[in-house]
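In: Starting from these lines, generate the structure:
(one chain, ligands or ions: 2)
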Amino acid sequence: MNILIIGGGGREHAMAWKVRQSARVNTIYCAPGNAGIMQIAEPVPVAPDDLRGLAAFARQHDVQLTIVGPEAPLCAGIVNEFHSHGLRIFGPDAHGAKLEGSKVFAKEFMRAHGIPTAPFAVFQQLDKALAHVKKKGAPLVVKADGLAGGKGVTVCQTEAEAELAIRAALEQRVFGQAGATILIEDLLHGEEASIMAVTDGKTIRALEPAQDHKRVYDNDTGPNTGGMGAYSPAPVITPAVLREIDHHVLQPALAGLRQEKIEYHGVLYAGVMIHQGRVQVLEFNVRFGDPETQAVLPRLRSDFVELCLAVADGRLQAHEMVWDPRPAVCVVLAAGGYPGPYHQHHPISGLAQAAALADVAVFHAGTERRQDQVVTKGGRVLGVTALGGSLSAAIARAYQAVACLHFEHAHFRWDIGAKALARL
Ligand code: AMP
Ligand code: GLY
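Out: Ligands and ions are numbered 1, 2, ... in the order given. I've put the predicted structure just below:
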């Protein structure tokens, strides 16, 4: 069958790479893709935000399954559009996607369905928000309601910081309409982890857990990024914690979706905080994580296309996922300047040498082909994943591959997986 993948980052390269391994697949199409994806997929001459155009393309090219990577097309209703043409697609519709597209919607959903999360209040008026901060005191977390490219959350240690964050959103409108409504919530302590679950609206199943590294520098310092690396499994998610997550987060979320009559066929990703074995949800995402996917999919031994079909067709109950017990580590190579304004168009060398190492996959994120060269394009450029017989072996192998790769002003973290090693 032919498959269409929407997106063009490291997550989508990992998905395309896994789809390519399925015996059922003929042609993979990808919109917009990147230099790595285009080695295994065909380009789509349609703008990635032209949902009608994409549906028309899928019909014309006999696409039997579309898999959506990023949240923006899901929030914009790509699933509604495809369903209206009878096309099969993996992902929630626009209603379900509000769990990521509106933090207020997500928090109210959690409150209504008994899912543990930090206490919160919602504001649109500056004076009321500032008065709330005076009353509560710091620390606090200020969040823009809508999609803000991962920049809408400010953890505030002081009241002054909270005031700045509130004014930035409500007064200066730095997030535009996405910050016209804000949430102010209590700060949670503990260790974060990512649980990506798949659901067909009747069954919900967690994939192997992962942990992301959001800060740009070693030891979790510096500004937040989209993610500088990941590893799977996450030792903080013990079997007992996983049961807690299933019981208090995943099953209530599934019941809530059904009760609110939200048709949901896709990923429900819970960003959770774990403290003394108790779990609280920080956020929901409605798609695979990036870079968590680059650490989790290489561990999936069973067929990824079969999994996506089972989710899209409502047959998840009967589907069995099989996992490689070996840990995987993904190290992200970022462009100079990232997460601020970053360098672009630098040639990348060593791609073939790195990929030739056993149990290594080099996933492209922000790359493009210019003549005969692969050059940098995005802030996160490559995700280098390695499997190993132990976590330390996986880490060593990943950094061995990283050492093969070069582009001007590249930077990456040296401590991916170190937190998990310390826990083991
Ligand atoms: P979110 O997009 O809501 O996950 O927020 C992004 C990041 O901000 C999370 O990964 C956490 O590191 C941090 N964060 C968000 N909410 C809280 C909270 N209530 N307490 C502590 N940290 C938080
Ligand atoms: N790695 C965090 C995310 O995908 O949102």
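
In: for the nearest residue to Lys134 once chain neighbours are set aside, what are its contacts?
Out: Excluding the flanking residues, the one nearest Lys134 by Cβ to Cβ, 6 or more residues apart in numbering is Glu159, at 7.2 Å. In short, each C-beta sits where N, CA and C put it, glycine included. By Cβ atoms under 8 Å, 6 or more residues apart in numbering, the contact set of Glu159 is 133-134, 137-138.

In: Which among these count as buried?
Out: Val133 (16 or more other Cβ atoms under 10 Å).

In: farthest-separated two in the contacts of Glu159?
Out: Lys134 and Ala138 (10.4 Å; Cβ to Cβ).

In: now the helices: where do they sit in the stretch 301-424 of the chain?
Out: Assigned by DSSP state H, counting those that start in this stretch, the stretch 301-424 of the chain shows helices spanning 304-313, 351-356, 391-404, 418-423.

In: Please render these as TSV that adds distance to ligand 1 to the earlier fields.
Out: Compiled in TSV, those are given as follows (distance: least, Cβ to the nearest ligand atom, whole Å):
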stretch	distance to ligand 1
helix 304-313	24
helix 351-356	29
helix 391-404	22
helix 418-423	14
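
In: Including distance to ligand 2 and mean pLDDT, could the ones you listed go into CSV?
Out: Output for those, formatted as CSV (distance: least, Cβ to the nearest ligand atom, whole Å; pLDDT from 0 to 100):
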stretch, distance to ligand 2, mean pLDDT
helix 304-313, 18, 98
helix 351-356, 22, 97
helix 391-404, 17, 98
helix 418-423, 15, 92
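
In: and these as TSV, adding distance to Glu185 and mean neighbour count?
Out: Shown next, in TSV, are these (distance: least, Cβ to Cβ, whole Å; neighbours: other Cβ atoms under 10 Å):
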stretch	distance to Glu185	mean neighbour count
helix 304-313	31	21
helix 351-356	41	15
helix 391-404	33	20
helix 418-423	24	15
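
In: among those, which is nearest Arg278?
Out: Nearest to Arg278, of the helices of the stretch 301-424 of the chain and by Cβ to Cβ, is helix 418-423 at 17.1 Å.

In: quick one: contacts of that closest one?
Out: 191, 211, 231, 234-236, 327, 391-392, 395.

In: cool, and stretch 41-56?
Out: 4-8, 16, 27-33, 57, 66, 72-73, 76-78, 81-82, 84-85, 87.

In: and the residues you listed, which are buried?
Out: Buried residues within the contacts of stretch 41-56, defined by neighbour count using 16+ other Cβ under 10 Å: 4-8, 16, 28-33, 57, 66, 72-73, 77-78, 81-82, 87.

In: contacting residues for His85?
Out: Counting by Cβ under 8 Å, 6+ apart, His85 has contacts 55, 58-59.

In: which among those are in contact with ligand 1?
Out: When contact is defined as Cβ under 6 Å from any ligand atom, the contacts of His85 do not meet ligand 1 at all.

In: Nearest the middle, which residue of this structure would you pick?
Out: Gly289 (1.8 Å; Cα atoms, centre = their mean).

In: re the thing from before, out of the helices of the stretch 301-424 of the chain, the one nearest Glu12 is which?
Out: The nearest among those, by Cβ to Cβ, is helix 304-313 at 12.7 Å.

In: if I pick Gln344, what's in contact with it?
Out: Gln344 makes contact with 335, 375-377 under the criterion Cβ under 8 Å, 6+ apart.

In: Report the separation between it and ligand 1.
Out: Note on Gln344: its distance to ligand 1, by Cβ to the nearest ligand atom, to the nearest Å, is 26 Å.

In: what's the spacing between that residue and Cys75?
Out: Distance of Gln344 to Cys75, computed by Cβ to Cβ, to the nearest Å: 27 Å.

In: Then Thr385?
Out: 28 Å.

In: Neighbour count for the two, which is higher?
Out: Shown here are Thr385 and Cys75; by other Cβ atoms under 10 Å, Thr385 has more neighbours (32 against 21).

In: Leaving out sequence neighbours, find the closest residue to the more buried one.
Out: Cys330 (4.3 Å).

In: Now Ile78. Nearest residue, chain neighbours left out?
Out: Spatial nearest neighbour of Ile78, chain neighbours left out: Leu51 (5.0 Å); criterion: Cβ to Cβ, 6+ apart.

In: Leu268 too?
Out: Per Cβ to Cβ, 6+ apart, closest to Leu268 is Ala197, 5.0 Å.

In: Not counting its own residues, what contacts the helix or strand harbouring that neighbour?
Out: Element membership for Ala197 (DSSP states H and E) is strand 191-199. Applying Cβ under 8 Å, 6+ apart, the contact partners of strand 191-199 are 204-207, 209-212, 214, 230, 234, 236-237, 245, 249-250, 254, 257, 264-275, 282, 288-289, 292-293, 296, 307, 311, 316, 419.

In: Each with direction, which strands does the helix or strand following it pair with?
Out: For strand 191-199, the succeeding helix or strand toward the C-terminus, using DSSP H and E, is strand 204-206. Strand 204-206 sits in its sheet next to strand 191-199 (antiparallel), going by DSSP bridges.

In: Please save the CA atoms from the strand it pairs with in CSV.
Out: The C-alpha trace of strand 191-199 is given here as CSV (Å, rounded to 0.1, in the frame of the first residue of the first chain):
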residue,chain,number,x,y,z
GLU,A,191,11.0,14.1,37.5
GLU,A,192,9.4,14.5,34.1
ALA,A,193,8.7,11.6,31.6
SER,A,194,6.8,11.2,28.4
ILE,A,195,4.2,8.5,27.9
MET,A,196,3.0,8.2,24.4
ALA,A,197,-0.2,6.1,24.2
VAL,A,198,-2.1,5.0,21.2
THR,A,199,-5.9,4.8,21.2
